[in-house]
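K.L.:
Predicted model and sequence below, questions to follow.
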Amino acid sequence: MSEQMEQNIVAESIVAENTVSAGSLSETPNGSTDESSNESHQDSLMESSVDNSDLNDAGMNDIDSNAMAAISDPSVAQLEPNADLNAVEVDVEVESETLIYAVGVLKPVFPNQGLEHAFNSAARELVVSEYDYYSVFSYLDKKTNTYPYFYIAEQTDWLLRINNEDCYALVPRSKTELLGFIDAVKSPEDSLQEVYTTAIGLLDGSTGTASGMLPKVLCNHVYSQTLDELHSKLQQQTGAATSAIQDVLEQLEFSPNHGNTDFARAKNYLAFRYPDIYLMTHSMQSAGGGASGSTHGTNGSLSINNSSDAASESPYFLETITPTYSDLMSPQTIVDIVLTYKSKSSKQEKYYHCSIDVTRQFPFVNTPLCVFMPVEPMK
């Protein structure tokens with residue numbers, strides 16, 4: 001009996017080897033190997049192997065570890081196409097999508113009357129206003145240690161309003177982003193100021209919400225703050241005066257943008273994530289301001305030491321902030337930012353420069369702020 005089983009196993013392995021050979025190289029009717037078919041097969045395998053460098057930006061935390069390993073190793077991706085097919089397709093979409101770094105006011109909209117009635121019923125039960133979205137969505141039942149109304153937030157449409165216009169329908173990547181949405185609709189204490197939400201993600205190309213045909217943004221990161229909170233944080237970080245903070249914000253956010261272009265994304269990043277620009281403006285506004293003694297610490301932060309010569313100079317005000325594409329040969333997308341400061345007592349101008357890398361979803365400082373002398377007069 002054992003000899004018969006061994007013979008069967010050997011026979012099956014021979015059949016399997018022949019099957020693999022037949023699948024690798026197709027034969028023409030005369031028995032010759034069709035090399036073009038084999039090359040086409042190899043090309044298809046090569047096309048299935050893509051660069052996965054942006055998956056961390058996209059927040060692909062839901063992909064299992066085996067699929068992530070397959071994507072990061074091209075050889076595994078070729079041997080196991082079924083294991084990472086969905087992940088590879090997502091990565092291709094990420095590369096082709098429009099990047100978003102937008103700032104606006106977030107508002108929840110119920111897609112149907114049934115969900116709206118469920119929310120109103122929950123608000124009455126909690127004895128809160130029907131506009132108090134935060135209290136309902138974040139309510140914790142201490143008896144069951146659960147959030148009984150969280151399901152309403154999960155099914156709600158989240159619209160980002162920019163300059164009093166509905167611009168995007170935000171779709172949270174995960175529960176983390178959804179919790180950020182809920183925090184954004186919490187009314188600030190002792191203030192009537194609006195809460196501004198910064199959404200970072202990808203425009204997925206689809207449209208359609210309860211409020212109309214708005215482009216959908218797959219949101220991979222979100223944070224919110226009022227202007228007072230931003231002002232307080234910047235003063236703690238830089239010691240900048242209120243006038244300096246106002247000047248910078250007016251130049252960067254005077255006309256709120258949609259955050260869907262390289263220049264708009266760079267400007268929004270500067271406004272909310274680069275405090276050095278506020279410190280520089282504060283120094284220039286002060287009598288004897290300037291960066292003749294400026295240095296950058298180990299963490300890249302700007303430190304300004306005013307000299308005695310600078311102390312005799314008149315104050316400067318921030319006149320313009322000009323973005324342009326870098327003329328450096330680089331595969332990255334670099335935006336040059338030039339700050340023009342003008343003297344309050346003469347026609348003298350001073351220029352400072354930094355550059356922002358906006359290649360991926362999350363911009364960062366490529367060149368820190370430094371003295372700049374333009375070859376041609378700035379327009």
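P.N.:
Perfect, I can see it now. Numbers count the residues shown, from 1 in each chain.
K.L.:
Now stretch 183-197 - C-alpha only, PDB.
P.N.:
This file holds the C-alpha atoms of stretch 183-197, laid out as PDB (Å, rounded to 0.1, in the frame of the first residue of the first chain):
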ATOM      1  CA  ASP A 183     -13.300  67.400  18.600                       C
ATOM      2  CA  ALA A 184     -13.500  70.000  15.900                       C
ATOM      3  CA  VAL A 185     -17.200  70.600  16.500                       C
ATOM      4  CA  LYS A 186     -16.700  71.200  20.200                       C
ATOM      5  CA  SER A 187     -17.600  74.800  21.100                       C
ATOM      6  CA  PRO A 188     -14.700  76.700  22.700                       C
ATOM      7  CA  GLU A 189     -15.200  77.800  26.300                       C
ATOM      8  CA  ASP A 190     -15.900  81.400  26.900                       C
ATOM      9  CA  SER A 191     -15.500  82.300  23.300                       C
ATOM     10  CA  LEU A 192     -17.700  82.800  20.200                       C
ATOM     11  CA  GLN A 193     -14.800  82.300  17.800                       C
ATOM     12  CA  GLU A 194     -15.100  79.700  15.100                       C
ATOM     13  CA  VAL A 195     -12.900  76.600  15.300                       C
ATOM     14  CA  TYR A 196     -10.700  76.200  12.200                       C
ATOM     15  CA  THR A 197      -9.900  72.700  11.100                       C
END
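K.L.:
which outside residues touch it?
P.N.:
With contacts defined as CB atoms under 8 Å, 6 or more residues apart in numbering, stretch 183-197 is touched by 103-108, 132-134, 137-138, 160, 181, 222-230. (C-beta placed from N, C-alpha, C; glycine too.)
K.L.:
repeat that for 10 Å
P.N.:
With contact meaning CB atoms under 10 Å, 6 or more residues apart in numbering, stretch 183-197 is reached by 102-108, 129, 131-135, 137-138, 153, 158, 160-162, 170, 180-181, 198-199, 219, 222-230, 253, 256, 272.
K.L.:
Restricted to helices, list these.
P.N.:
Members of the contacts of stretch 183-197 lying in helices (criterion: DSSP state H): 133-135, 137, 153, 180-181, 227-230, 253, 272.
K.L.:
Between all of these, which two are separated the most?
P.N.:
The most widely separated members of the ones in helices among the contacts of stretch 183-197 are 135 and 253, with 30.0 Å between them, by CB to CB.
K.L.:
circling back to that earlier point, are any of the contacts of stretch 183-197 buried, and if so which?
P.N.:
Buried residues within the contacts of stretch 183-197, counting neighbours by 16 or more other CB atoms under 10 Å: 102-108, 133-135, 137-138, 153, 158, 160-162, 170, 180-181, 198-199, 219, 222, 224-225, 227, 253, 256, 272.
K.L.:
you'd agree residue 237 is up against residue 282?
P.N.:
No: with contact taken as CB atoms under 10 Å, residue 237 and residue 282 are classed as non-touching, separated by 11.3 Å.
K.L.:
And these two? Which one has more around it.
P.N.:
Between residue 237 and residue 282, residue 282 has the larger neighbour count (other CB atoms under 10 Å), namely 23 against 13.
K.L.:
then the helix or strand where the more buried one lies to CSV, C-alphas only?
P.N.:
Under the criterion of DSSP states H and E, residue 282 resides in helix 276-285. The C-alpha atoms that make up helix 276-285 are tabulated as CSV, following Å, rounded to 0.1, in the frame of the first residue of the first chain:
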residue,chain,number,x,y,z
ASP,A,276,9.9,80.8,12.6
ILE,A,277,8.1,83.1,10.2
TYR,A,278,6.3,84.8,13.1
LEU,A,279,9.5,85.2,15.1
MET,A,280,11.2,86.8,12.1
THR,A,281,8.4,89.2,11.5
HIS,A,282,8.3,90.1,15.2
SER,A,283,12.0,90.9,15.0
MET,A,284,11.7,93.0,11.9
GLN,A,285,8.9,95.0,13.4
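K.L.:
who does that helix touch, helix- and strand-wise?
P.N.:
With contacts defined as 3 or more CB pairs under 10 Å, 6 or more residues apart in numbering; DSSP states H and E, the packing partners of helix 276-285 are helix 227-238, helix 242-253, helix 262-273, strand 302-303, strand 316-325, strand 334-343, strand 349-357, strand 364-371.
K.L.:
contacting residues around residue 213?
P.N.:
In this structure, residue 213 makes contact with 169, 206-207, judged by CB under 10 Å, 6+ apart.
K.L.:
one more time with 8 Å
P.N.:
Applying CB under 8 Å, 6+ apart as the definition, the contact partners of residue 213 turn out to be residue 207.
K.L.:
now swap in residue 243 and tell me
P.N.:
With CB under 8 Å, 6+ apart as the criterion, the residues that contact residue 243 are residue 285.
K.L.:
burial of the residue nearest to residue 107 when sequence neighbours are not counted, as a residue count?
P.N.:
The shortest distance from residue 107 to any residue that is not its chain neighbour, by CB to CB, 6 or more residues apart in numbering, is 5.4 Å, and that residue is residue 159. Per other CB under 10 Å, the neighbour tally for residue 159 reads 21.
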